[in-house]
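Asker: I need the structure of the sequence given here:
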Amino acid sequence: MALPIVAVVGRPNVGKSTFVNRIALTKDAIVHEQRGVTRDRSYHQADWNGRDFVLIDTGGIEMGAEDAFQNSIRNQALLATEEADVILFMTDARSGLTADDIEVTRLLKRSGHPVMLLVNKMDNPAEESALWEFHNLGLGSPWPVSSTHGHGTGDLLDELVALLPAVDTMDEGRSAGAAAAADVPDAAAGHGGGHRGTVLLCNQNGHEADTAAQKNRPSVSSSVPSVSEAALSADAPAIPVAIIGRPNVGKSSLTNRLVGRERSIVSDVAGTTRDAIDTLVEHEGTRYRIIDTAGIRRKSKIDESVEYYGFVRALRAIDRADVALLMIDSVLGLTDNDQRVANLADERGCALIVLLNKWDLLETPEEREALRTQIADRLPFVSYAPALAISALTGRSVHRIWGAIDSVYANFSAHIPTPKLNALLTELRDFGHTVSRGKLRLRIHYVTQTGVCPPQFTFFANHPHIIDSSFRRYLEGRLREAFALEGTPVRLRFKKKD
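Answerer: The predicted structure follows:
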């Protein structure tokens, strides 16, 4: 079931992320006093009075800015408006009306979707004089709000959910690739008390809609890829897959390649991605939640608070993921940072696939063999992870990732019958390898699987306290030889039983 979409747009530092966090009741969107912190668009589920919807947080739109990312940020924001059923255009009461506000207004009037003009940072609702100049934008009466304190958000949300299309109608329209019809209440009708904003409804030519057009406003354009519709399906199960690695290793390029569109901003500048960006994708009947993450560096190397917030969200993404794709730059080879990121995934119990990106830039067989040897030597603690050679830029072998995800996830979530485990245990006892300390000699009586995602096996033994790390590795190795456990970590527990 696809949910209605609400895009929050505006110029930088007007409070969009703070607003999204307040409405969605999360702290997922990064909030910072620095301009231009948000770059990619991010999706956040929210509800009001029983109506569920999705908020899209976007980067600040600036016209004519010389920022290296501004064109990409602007495109991301405009993509959000194309997907949206309703657009919230946020401005700043403190800085007043600016040239960028006027330019953004021109773009939004051509969107074909209802636009609600928000004037943020109205911390004192009595100071309505700050609203007057925003009437010049021609978007109807502005809605005074305070993202920080919550002033005005209740009335705003009442009107917003009234504008949202019915879910059944929206599903029919999107599945047919046509506009969905939705009855829109009188935008000028107030609920009483304080300053009330209005809603501008535009037709596809960017002109204010007449009464008849208001009765059949267009919904999401049929040209929007189905991946966005999947991203709004609240009840669809999906395999969460986090793309992780150090900065500037190609994570966003791979995300865009897997998703099939420019979902994340890509540049040669390290640290381009800051938020953890979720996108739901369906491939051959299976749904995946692809999570693009910020590059992970050692904490001592993080010199900006914004980067630290991105680091924290990357760790949260690993916690949410069942499968992690660890990207390594084949040209630079395996680094200490790559080892740390691999260890983070292993500690958090993710199934793991190692992706050797930029493989096409290794010209000789000797270079390729040297890299594989380096991987084996320096990542022994995740030796269970398969390694795939790919190129996110050209798409080489990227299609193999889907099969690898399915395989390691099946192993990650598999349950091995107890009789098969104890048949293996009988073989181990017959082989005779065990542990002894002084007069104590280990004897394992019984084993069963006590958990999945990742698989956990509990061994019942007479003296579990004498088991050392070497014997643990031996048991894990024999389990991996006997059962399909490639790509997944294994947890072993030992309990006393005489």
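Asker: poorly predicted segments of the stretch 101-250 of the chain, please.
Answerer: 125-126, 167-236 (pLDDT under 70).
Asker: now do the contacts for the residue of the chain positioned farthest from its centre.
Answerer: Distance from the C-alpha centroid of the chain peaks at residue 439, with 54.7 Å (C-alpha atoms, centre = their mean). Taking C-beta atoms under 8 Å, 6 or more residues apart in numbering, we find residue 439 in contact with no residue. All C-beta atoms are positioned from the backbone trio N, CA, C, and that covers glycine.
Asker: same question, residue 146
Answerer: 120, 121, 122, 123, 125, 152, 153.
Asker: distance of the residue nearest the centre of the chain from residue 43?
Answerer: Centrality entry for the chain: nearest residue to the mean C-alpha point is residue 278, 2.2 Å, by C-alpha atoms, centre = their mean. Per C-beta to C-beta, to the nearest Å, residue 278 is found 6 Å from residue 43.
Asker: residue 78 too?
Answerer: From residue 78 to residue 43 the distance is 16 Å (C-beta to C-beta).
Asker: what of residue 81?
Answerer: Computed as C-beta to C-beta, the residue 81 to residue 43 distance reads 14 Å.
Asker: same check on residue 354?
Answerer: 28 Å.
Asker: same check, this time on residue 160
Answerer: From residue 160 to residue 43 the distance is 16 Å (C-beta to C-beta).
Asker: any stretches of the stretch 251-400 of the chain with poor pLDDT?
Answerer: 261-276, 297-310.
Asker: if you set the cut-off to 90 instead, what comes out?
Answerer: 251-253, 255-257, 259-285, 291-318, 320, 336-337, 363, 393 (pLDDT under 90).
Asker: where along it do the strands fall?
Answerer: Ranges of strands within the stretch 251-400 of the chain are 277-283, 286-292, 323-329, 351-357, 387-389, based on DSSP state E, counting those that start in this stretch.
Asker: of those, which approaches residue 497 most closely?
Answerer: Nearest to residue 497 among the strands of the stretch 251-400 of the chain is strand 351-357 (30.5 Å), distances taken as C-beta to C-beta.
Asker: partner strands of the closest one and their direction?
Answerer: Partners of strand 351-357 in the sheet, by DSSP bridges, are strand 323-329 (parallel), strand 387-389 (parallel).
Asker: count of neighbours near residue 46?
Answerer: By the criterion of other C-beta atoms under 10 Å, residue 46 has 19 neighbours.
Asker: how would you label it: helix, strand or coil?
Answerer: Put simply, residue 46 is strand when judged by DSSP: H, G, I helix; E, B strand; the rest coil.
Asker: got it, and residue 78?
Answerer: Residue 78 - assigned by three-state DSSP - is helix.
Asker: that one - nearest residue in space that isn't next to it in sequence?
Answerer: Nearest non-adjacent residue to residue 78, counting by C-beta to C-beta, 6 or more residues apart in numbering: residue 107, 6.9 Å away.
Asker: just the CA atoms of the helix or strand containing the one you found, as CSV, please.
Answerer: Residue 107 belongs to helix 99-109 when assigned by DSSP states H and E. Output of helix 99-109 as CSV, limited to C-alpha atoms (Å, rounded to 0.1, in the frame of the first residue of the first chain):
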residue,chain,number,x,y,z
ALA,A,99,15.5,36.2,-4.4
ASP,A,100,16.0,32.5,-4.0
ASP,A,101,12.5,32.2,-2.4
ILE,A,102,11.1,34.0,-5.5
GLU,A,103,12.9,31.6,-7.9
VAL,A,104,11.8,28.5,-6.0
THR,A,105,8.3,29.8,-6.1
ARG,A,106,8.4,30.0,-9.9
LEU,A,107,9.5,26.3,-10.0
LEU,A,108,6.9,25.1,-7.6
LYS,A,109,4.0,26.9,-9.5
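Asker: tell me the bridge partners for residue 45.
Answerer: residue 54.
Asker: ok, it to residue 112 distance?
Answerer: In this view, residue 45 and residue 112 are 24 Å apart by C-beta to C-beta.
Asker: higher neighbour count, the two?
Answerer: residue 112 (21 against 14).
Asker: tell me the contacts of residue 258?
Answerer: Going by C-beta under 8 Å, 6+ apart, the list of residues near residue 258 reads 281, 288, 290, 398, 401.
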